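> coords below, sequence missing:
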């Protein structure tokens, strides 16, 4: 009798599990809404920063647009979860690639008008390029690996 009681009390009640799943879905929807609002805010401030038009403002807009791409990739990941689709590694790898390329472009844009580029910036560009290459290889491997369920 003790073992039966112990087994009955060790698993959470179905109502509690159901409530936690509903709470999880709600929080994912809140995150999705916040990501959409963040995209609109970034677009708004990006276009606002174009006045007055300057080289720096254009660089900032490009940086902001790449940030929006990262946010949209995250949003699609949340949407896939809400649609109860299977987990995919590809979107996370593409987020990493976009982020690394964004960093390379930003550093290049910031240092293009300098007469002497600091060595640290060159190291950072090289490291970001290496990250892109590793992520591309990772994407290729994950794409070629058969799905196991």
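Yes, it's here. These numbers come from a predicted model, not from an experiment. Numbering: from 1, shown residues only.
> what element comes up after the longest helix seen in the chain heading to the C-terminus?
What stands out as the longest helix in the chain, according to DSSP state H, is helix 14-48. For helix 14-48, the following helix or strand on the C-terminal side (DSSP states H and E) is helix 55-82.
> and that following helix with helix 14-48, angle?
Per axes from the mean of the first three to the mean of the last three C-alpha atoms, to 10 degrees, the angle that helix 55-82 makes with helix 14-48 is 160 degrees.
> so what does helix 55-82 touch, helix or strand wise?
Packing contacts for helix 55-82, counted by 3 or more C-beta pairs under 8 Å, 6 or more residues apart in numbering; DSSP states H and E, involve helix 14-48, helix 90-111. (Each C-beta comes from the backbone N, C-alpha and C, glycine too.)
> winner for burial among those?
For the helices and strands packed on helix 55-82, the largest average neighbour count (mean count of other C-beta atoms under 10 Å) is found in helix 90-111, namely a mean of 17.
> show me what counts as buried in the helix or strand following that helix.
Counting by DSSP H and E, the next helix or strand C-terminal to helix 90-111 is helix 119-144. Within helix 119-144, the residues scored as buried using 16 or more other C-beta atoms under 10 Å are 125, 128, 131, 132, 135, 138, 139.
> adding pLDDT, write these out as a markdown table.
As requested, those are exported to a markdown table (pLDDT from 0 to 100):
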| residue | pLDDT |
| --- | --- |
| 125 | 94 |
| 128 | 95 |
| 131 | 96 |
| 132 | 96 |
| 135 | 96 |
| 138 | 94 |
| 139 | 92 |
